[in-house]
Structure formats: structure tokens, C-alpha cells
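K.L.:
here is my input; please provide its structure:
(chains A and B)
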Amino acid sequence: MAASTDTANQGLITDKKKRYSAGVLKYRQMGYWDADYVPKDTDTICLFRITPQDGVDPIEAAAAVAGESSTATWTVVWTDRLTACDSYRAKAFKVEAVPNNPGQYFAWVAYDIVLFEEGSISNMTASLIGNVFSFKPLKAARLEDIRIPVAYVKTFKGPPTGLIVERERLDKFGRPLLGATTKPKLGLSARNYGRVIYEGLKGGLDFMKDDENINSQPFMHWRDRFLYVMDGVNKAAAATGEVKGSYLNVTGATMEDVYERAEFAKELGSVVIMLDLVLGWAAIQSMSNWCRKNDMILHMHRAGHGTYTRQKNHGVSFRVMTKWLRLAGVDHLHAGTAVGKLEGDPMTVQGYYNCCRDSYTRQDLSRGLFFDQDWVDMRKVMPVASGGIHAGQMHQLLDLFGDDVVLQFGGGTIGHPAGIQAGAVANRVALECMVKARNEGKDIKNEGPQILRDAARTCTPLKQALDTWGDISFNYASTDTSDYAVTPAMSN
Amino acid sequence: MMTNPTGRVTQGQFSFLPDLTDAEIVLQVEYGLSKGYAWSVEYTDDAHPRNTYWEMYGMPMFDLKDAAGVMTELAACRATFPEHYIRLMAFDSTRGIESVAMSFIVNRPSKEPGFGLVRMEGRNREIRYTVHSYATDRPENERGGQ
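P.N.:
Residues are numbered from 1 along each chain as shown, chains lettered A, B, ... in the order given. Down below sits the predicted model:
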């Protein structure tokens, strides 16, 4: 359903004298709404989901979003007339009711390329999710999706390594990578922590991982952790003949700390470092440059994202975060599991994976993707599935996500009844038997449980894992699903 | 015998599974061919994790459509180098990939020598690590096939 169109007293004011006389006008009268606007190839297009306050016209609300995220303030200013102000105004050009969600509207807003500093996610986000989300006439607002023009994409360098080069460096092809987060998250001494790293990697995992809140606490200072972890990593590499890694979390209080920790990780020969999303955009882009200069894989843990990505009516969709993080330049990104303990509708999560790995992302409303997005050969991000997954779900994970993903089984490795190495073996055997079966043409989605049981006949650790966790699932309704409706208006 | 749970080098897609039979290898090769990959046979006596360039047993088979051709090459390589590591690699030339898409070991030495870890201790507890191939302890022309 299209929202109401212009009424006589709310239309664009074309008379310059009237338009710029002191006072307050409606946003749509100021030029932030243009139903006839055809976005340019160089425009950024945002799709907002807005919930106007009762009595606020949805078109006026959309115009206000365009205004507050670009040039507008609450009143008319004559200084606009010193500028080519029309080109700086974002333009809301389409508003539609969200299917089955009364009071919510999708609003399409176009932004001229001049509005954003080259290669700066900080600048782009300061506009697009700056003041506008606190704007009183809206009860709530969410940035659902974004189309970033090729011209602006090319101002970013993107992932320092990318998933193709990562595989070449690690010499691991044709299967998902396997990882585990060291548990317990907090309290292990560095010496004990390194034990978990060694056991997991020697048992068959490719990566181990610091958790997001492991930085440098009293029980384990960062230098100690790095030293013991790297001993485990290298010992496991020698024991298996494989390249191994452990995401050393270099997050710290200041950028000086972050750089110091990253330099030490490099000195010790680590192939990968890790950052927490909470560090912020400038830190992420700086460290992306550092990683590019130092041949380092950059693992991004999306710590904190749930505070603004999870609720459908307010915040920023994770698909937008994914696009920004690919531009900002990360190599790994936690993008959901669909079947694990954390939020994620399977189709919606697949949409995030597409944004990480596609060369060209196609509009796919059922996966929450509202726009085509050309990535113009930008390197690809390796998505990471982590949180409450186990070997018994291997067929589902491979079917949902394919080969280019890191599957992380933390509890599912370390909690194995026969120990950490056995846990790693169980996961690696489950993975390899499922990849083999898929390549052989088997219907793993349906035959998966039987394929795992067959493999477990000659692999006791896998049998123990299936006996322990085989029936565990987290079947809760997702809060963030696609409210799509394939209408002609929305598929243009 | 190596000390990891498999007792052997765990590189490649299927090192944790029982050795693939030739019939099973054919299925993997056919999967790769169906994706448009070019198969290649490579061998080495030094499976060091950072020994990227194993010897090529001929060029990648770009225009091959039938798995039998790969199996013929593999059989010849195995006959020539029965005590070497041999792997099959599939290359994907799709723009934006242009890399290895599959890789798995299909022949191993009867005794896998494994690797040692050499620690060079530096200042402030820092350690430089070197993974050392026991296979390379003898001169190149005296190794392999032993």
C-alpha cells in the first residue's frame, strides 16, 4: 500500500522567497521528498523502516529522515542559499507500509555521493545513523539495507587478506575451516589457556580463538597469553603438518595498546589477530591498514551488535553492518549460525553471508536483501558461524553455508567427554565425512544424521559427541526476520 | 608415526577419514569436473606445512572431461613415486576465485617422518619457532622412495 500523496498545502515550495523566509516548514516542503526522483548510479540508497509517532504522516516522516540524515535542521536557515543546497539534500522518494506491521513504513532515501568522505565509514555512519535515530517525530527507526554505489565502494580497500588469499596462506581448500573459542571465557591463567589451544589444534581444528572479553585482565595479562598461545600453535603445527592459528584479541583501552599488542602478535609469528567491534570504525579501518601492511588476517568479533541489530523496529540491520565491515576491511566476521544458540533466522543469516562472500549481491527479498550490490572485485570476507553449534548439526551447517565459512565449536570441542583433542577429532571427522558425502552427490540435508552415524562407527570421539549433544537444538522464534512482500513496487 | 590423533599429516580435505578408495577418488574428481575445475597431480617428499610448491606431475588437465584421465595420471604418479606424498588439486578459474578449490592427499609414505619444532629463545621470553621437516635431514637426491 502506498502512503498518501501530496496534499495542496504540503507540497514542495518552489518560490525561493517563501522557501527561505524565517520559520519552520515541513521537511517535505523543504525538498527532502521527491516522489519522482530517480536515484543516480552514484547515489547511496538507504532503506529505513520507520515508525512515525501517532498522527505523523509517513511521507513527512520519511522526508524528515532524509532531512535529519543530510542537511536539515529544525528551522529554515538562509545560509542554505550560499550553497548548491538542493544537491546536498537527501531525497526520500518512496514510502510503503511494511506488510503485516501496522504503523511501520519502509522509506527509500537517496544520498548524493558528495555527502560522504572518501573511504570513511565513520563519516558515512555519522550521517546515516547520526541524529536521525533520536528524532522525536519517530517512535523508532531502523536502517534495513543500503545500496552503496560502485564509485564509493572503490574508495575503500576492503579486506586486507580476503577469503581466497586466506585459504592460500593456510593451505586449506574445499571445506569449511574449523575453530573453537577457548573456554571458560574468563579466569584461565595464560599457561592453562595455552593448553586448550594446543589440544584443540593438535586434535584437528584450524583455529582457536580468544573470546571477545579476553583482553588483559588480572588473571591473564596479554603478553603472557600471546606467548603461551603461540607455543601451542607452533607445537600443533609441527604435530600435524598443518598451518594453525589462534585469533589473538588485540583489543585494548587505547589505540597505542592495540598497536602494541598487534606488533607483538606479529613478532611471535601469528597469522591472525582479532578485534572487537566495540572499538569503533576508525580503529577498525586503522587496524585493517596495519594488517594489510603486515600480512595478517583480521578477525572481527561483532561484540555489542545485538544492542542495535536485533529488534526489527529500531537500530541497524546486521546486513548493513556486514556491508560496512567489508568496506572497512575485515577478513573474518561473525555472521550467525542460524541453528545455534544466538539469534538468527536461517534465510536472514544467509543474506549476511551473501554480503560477505558475493562478487555481486543480487536483490533477494526473502533473505532481506533489498538491493543489488556490485562489489567490484573487492576481496571477500570469511563469515564465521559461532555459538552453540555442535558436530551433530554438521549437515545443516554445510547445507546452509557451503564451504567458505569458519565453523566454531567452542563448547562442542572443549566440553567433549573424552577431552579437547577428542572433541576436535569429532568435529573434523564430522566435517570431512559431510563434505565427502556432499561431493559424492548425497542429499546431506536429509541423509546427514545417517552419514554422521556411519562415520561414528569407526570414530569413537564422534560417537561420543553425537551421544552427548545429538539432540541439542535451540528452537526459538527469531526476532529479526524478513517482512518482505514481493510486490511490483518493491522489486524495482 | 606422528603423534596427532590420526598418526599422519592432516593436510587436505579428507585426512581424518579412512584412505579414499580409487572409486571414491573418482567421485571427488567428477564433482570437481562438474564445477569446471582443472585437476592436477602433485607430489613431494617434504610435506612441510609451508612447502607450497609440490612437484607437478604434468600440467593441470584443463580440457579434461573424464575422471579416467585423472586416474591414469594418478596411477602413473603412484607407480613412479610410491613412497611420496601425492595430492590431487583442483583449480577454479572463476573471476574472483582463481585459486585452488579442492585438495586432498591420495598417497603417503609408509612411514610419515613428521616434523620437529625448533625453538630459538630470544629476549623477554620471546621465542622464534621453526617447524623442521625430518624428511629433509638427508640430501635431496638421497631421499624419497626409501
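K.L.:
which stretches in chain B count as helices?
P.N.:
Ranges of helices within chain B are B:22-34, B:67-80, based on DSSP state H.
K.L.:
low pLDDT regions in the chain?
P.N.:
Here I'm looking at chain A. Low-confidence regions of chain A, defined by pLDDT under 70, span residues A:1-10, A:341-343, A:471-476, A:484-492.
K.L.:
ah, I was thinking of chain B
P.N.:
Across chain B, the ranges flagged by pLDDT under 70 are B:144-146.
K.L.:
against residue A:223, how distant is the residue located most distally from the centre of it?
P.N.:
Here the centre of chain B is the reference, and by Cα atoms, centre = their mean the most remote residue is residue B:124, at 37.8 Å. Distance, residue B:124 to residue A:223, using Cβ to Cβ, to the nearest Å: 8 Å. Every C-beta, even on glycine, is put in place using the N, C-alpha and C of the backbone.
K.L.:
what do you get for residue A:109?
P.N.:
Distance, residue A:109 to residue A:223, by Cβ to Cβ: 48 Å.
K.L.:
which of those two has more residues huddled nearby?
P.N.:
Higher neighbour count among residue A:109 and residue A:223: residue A:109, with 30 against 17, using other Cβ atoms under 10 Å in any protein chain shown.
K.L.:
is that one in a helix, a strand, or coil?
P.N.:
strand (DSSP: H, G, I helix; E, B strand; the rest coil).
K.L.:
who's the residue most central in space within chain B bridged to?
P.N.:
The centroid of chain B falls nearest to residue B:87 when counting by Cα atoms, centre = their mean (3.8 Å). Residues in a beta bridge with residue B:87, per DSSP bridges, are residue B:42, residue B:105.
K.L.:
from the centroid of chain A, which residue is nearest?
P.N.:
Geometric centre of chain A, nearest residue: residue A:322, 3.3 Å, by Cα atoms, centre = their mean.
K.L.:
nearest residue to it other than its sequence neighbours?
P.N.:
residue A:355 (4.2 Å; Cβ to Cβ, 6 or more residues apart in numbering or on different chains).
K.L.:
let me see the contact set for that neighbour.
P.N.:
Applying Cβ atoms under 8 Å, 6 or more residues apart in numbering or on different chains, we find residue A:355 in contact with A:319, A:322, A:323, A:326, A:361, A:369, A:373.
K.L.:
can you list the helices of chain B in a markdown table and add distance to residue A:291?
P.N.:
A markdown table is the format used below for these (distance: least, Cβ to Cβ, whole Å):
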| stretch | distance to residue A:291 |
| --- | --- |
| helix B:22-34 | 32 |
| helix B:67-80 | 38 |
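K.L.:
burial of residue 73, as a residue count?
P.N.:
No chain was given, so I picked chain A. If you count neighbours by other Cβ under 10 Å, residue A:73 ends up with 10.
K.L.:
wrong one, chain B
P.N.:
Residue B:73, neighbours per other Cβ under 10 Å, totals 18.
K.L.:
touching, it and residue B:59? I think so.
P.N.:
No. Using Cβ atoms under 8 Å, residue B:73 is not in contact with residue B:59, being 10.2 Å away.
K.L.:
how many residues are close by the closest residue to residue A:111 other than its chain neighbours?
P.N.:
In space, and not counting its chain neighbours, residue A:111 is closest to residue A:44: 4.4 Å by Cβ to Cβ, 6+ apart. Residues lying near residue A:44 (other Cβ under 10 Å) number 23.
K.L.:
so who does residue A:44 touch?
P.N.:
Shown in contact with residue A:44 (Cβ under 8 Å, 6+ apart): A:110, A:111, A:113, A:115, A:116, A:124, A:128, A:146, A:147, A:148, A:149, A:152.
K.L.:
what does it show for phi and psi?
P.N.:
As for residue A:44, its main-chain torsions (degrees, to the nearest 10) stand at phi -90, psi 130.
K.L.:
and the spatially closest residue to residue B:122 that is not a sequence neighbour, how many neighbours?
P.N.:
Closest residue to residue B:122 apart from its sequence neighbours, by Cβ to Cβ, 6+ apart: residue B:128 at 6.3 Å. The tally of other residues near residue B:128 (other Cβ under 10 Å) stands at 13.
K.L.:
quick one: residue A:355 from residue A:66, how far?
P.N.:
Taken as Cβ to Cβ, the span from residue A:355 to residue A:66 is 24 Å.
K.L.:
point me to the residue of the stretch 301-450 of chain A nearest chain B.
P.N.:
Proximity of the stretch 301-450 of chain A to chain B (Cβ to the nearest Cβ) peaks at residue A:439, 4.0 Å away.
K.L.:
quick revisit: go through the helices of chain B and pick out the most buried.
P.N.:
Mean neighbours per residue, mean count of other Cβ atoms under 10 Å in any protein chain shown, is largest over these for helix B:22-34, with a mean of 17.
K.L.:
report all helices and strands that that helix contacts.
P.N.:
Here helix B:22-34 touches helix A:420-439, strand B:38-44, helix B:67-80, strand B:85-92, strand B:99-107, going by 3 or more Cβ pairs under 8 Å, 6 or more residues apart in numbering or on different chains; DSSP states H and E.
K.L.:
show me the contact partners of it.
P.N.:
A:436, A:439-441, B:20, B:39, B:64-67, B:70-71, B:74, B:88, B:90, B:101-102, B:104, B:106.
K.L.:
residue A:208 should be in a strand, yeah?
P.N.:
Yes. Assigned with three-state DSSP, residue A:208 falls within a strand.
K.L.:
that one: what's it in contact with?
P.N.:
Residues in contact with residue A:208 (Cβ under 8 Å, 6+ apart) are A:179-182, A:196-197, A:200-201, A:229, A:232-233, A:245-247.
K.L.:
quick one: residue A:213 and residue A:249, what's the gap?
P.N.:
Distance from residue A:213 to residue A:249, by Cβ to Cβ: 9 Å.
K.L.:
for residue B:125, same thing?
P.N.:
20 Å.
K.L.:
what about the nearest residue to residue B:59 once chain neighbours are set aside, how many neighbours?
P.N.:
Excluding its sequence neighbours, the residue lying closest to residue B:59 (Cβ to Cβ, 6+ apart) is residue B:40, at 7.4 Å. The number of residues packed near residue B:40 is 22, by other Cβ under 10 Å.
K.L.:
pretty sure residue B:40 contacts residue B:53?
P.N.:
No. Counting by Cβ under 8 Å, residue B:40 stays clear of residue B:53, with 12.0 Å between them.
K.L.:
what's the spacing between the residue nearest to the centre of chain B and chain A?
P.N.:
Separation of residue B:87 from chain A (Cβ to the nearest Cβ, to the nearest Å) stands at 10 Å.
K.L.:
what does the stretch 351-492 of chain A put close to chain B?
P.N.:
Residues of the stretch 351-492 of chain A found near chain B (Cβ under 8 Å from any Cβ of the partner chain) are A:359, A:377, A:380, A:421-422, A:424-425, A:428-429, A:432-433, A:435-436, A:439-441, A:455, A:458, A:461.
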